[in-house]
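Enquirer: Fold the following and give me the result.
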Amino acid sequence: MFAALASRFVIPMALLLAGIVAGAAWGYRYADAQGQAALANLQRQQADQHAQAEALLRAELEQAHEYGEGLSAQLADAQSRQTVKTIEVIRRVPIVTSNRVCLSPDAVRLLNGVIATAGDADAVPQAAGGAAGEAAAAAASDRDVAGWIAEAAGVCNVQAAQLAAVIDWHEHQAEALR
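Expert: So this is what the prediction gives:
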């Protein structure tokens with residue numbers, strides 16, 4: 001009796017167990033396929049977002065580069081104009097000066113010391129030469145001073161243009177970040 005009862009329940013239980021295992025396997029495959037599809041979708045979305053961000057950053061970089069190129073061209077133009085202006089002024093210095101000593105040798109030494117301390121010994125006005133003698137040779141004439149002033153003004157104007165370009169660049173970058 002027990003054998004008949006066992007065989008009567010064993011086959012349905014085995015079938016039930018096989019159905020449960022098959023259902024679980026199918027469910028696992030289905031869930032795995034859904035998960036893989038969701039993962040692929042997420043990866044596609046991330047790739048699209050990265051591509052959009054890269055395109056945006058590339059466009060911003062190109063705009064900044066173009067803006068910088070424009071500033072560089074403006075600065076080069078300003079430097080060229082200032083160089084021409086300085087040369088014109090220096091050419092006119094002998095016409096409007098008398099080459100008369102206006103700074104004593106002591107004053108020239110004092111000013112040369114200040115300039116040499118600043119690290120630009122080449123910017124020192126050259127002493128006037130000529131028949132006035134050794135004492136006058138160590139002094140500076142109005143022509144020397146006027147030439148040095150013209151050169152110094154040219155350098156200052158170029159540096160002012162450079163500083164203005166740097167300020168303009170940084171202000172443009174600050175606006176771009178807003």
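Enquirer: alpha carbons only for contacts and neighbour counts from here, please
Expert: Fine.
Enquirer: So which helix or strand of the chain has the lowest pLDDT on average?
Expert: Across the helices and strands of the chain, the lowest-confidence element by mean pLDDT, DSSP states H and E is helix 134-137, at a mean of 51.
Enquirer: Tell me the first helix or strand C-terminal of it.
Expert: Using DSSP states H and E, the helix or strand that follows helix 134-137 towards the C-terminus is strand 140-141.
Enquirer: State the mean pLDDT of that following strand.
Expert: In this model, strand 140-141 has a mean pLDDT of 92.
Enquirer: Please state the offset of that strand from the chain centre?
Expert: 44 Å (CA atoms, centre = their mean, to the nearest Å).
Enquirer: Quickly run through the sheet partners of it, with directions.
Expert: With DSSP bridges as the test, strand 140-141 is paired with strand 101-103 (antiparallel).
Enquirer: Name the spans of the chain whose pLDDT lies under the cut-off.
Expert: Counting by pLDDT under 70, the chain has low-confidence residues at 1-6, 117-137.
Enquirer: in the helix or strand harbouring residue 153, what counts as buried?
Expert: In the assignment (DSSP H and E), residue 153 maps to helix 142-177. Within helix 142-177, the residues that count as buried by 16 or more other CA atoms under 10 Å are 142-151, 154-155, 157-158, 161-162, 165, 169.
Enquirer: what about residue 7, distance to residue 15?
Expert: 12 Å (CA to CA, to the nearest Å).
Enquirer: now residue 106
Expert: 119 Å.
Enquirer: what separates the lengthiest helix in the chain from the chain centre, distance-wise?
Expert: Of all the elements of type helix in the chain, the one with the most residues (DSSP state H) is helix 2-96. Relative to the centre of its chain, helix 2-96 is centred 25 Å away, using CA atoms, centre = their mean.
Enquirer: so it versus helix 142-177, what angle?
Expert: Helix 2-96 runs at 160 degrees relative to helix 142-177, counting by axes from the mean of the first three to the mean of the last three CA atoms, to 10 degrees.
Enquirer: Kindly spell out which helices and strands sit in contact with helix 2-96.
Expert: helix 142-177 (3 or more CA pairs under 8 Å, 6 or more residues apart in numbering; DSSP states H and E).
Enquirer: Nearest residue to residue 83 in space, ignoring adjacent ones along the chain?
Expert: Nearest residue to residue 83, sequence neighbours excluded (CA to CA, 6 or more residues apart in numbering): residue 154, at 6.9 Å.
Enquirer: count of neighbours near residue 138?
Expert: For residue 138, the number of neighbouring residues by other CA atoms under 10 Å comes to 20.
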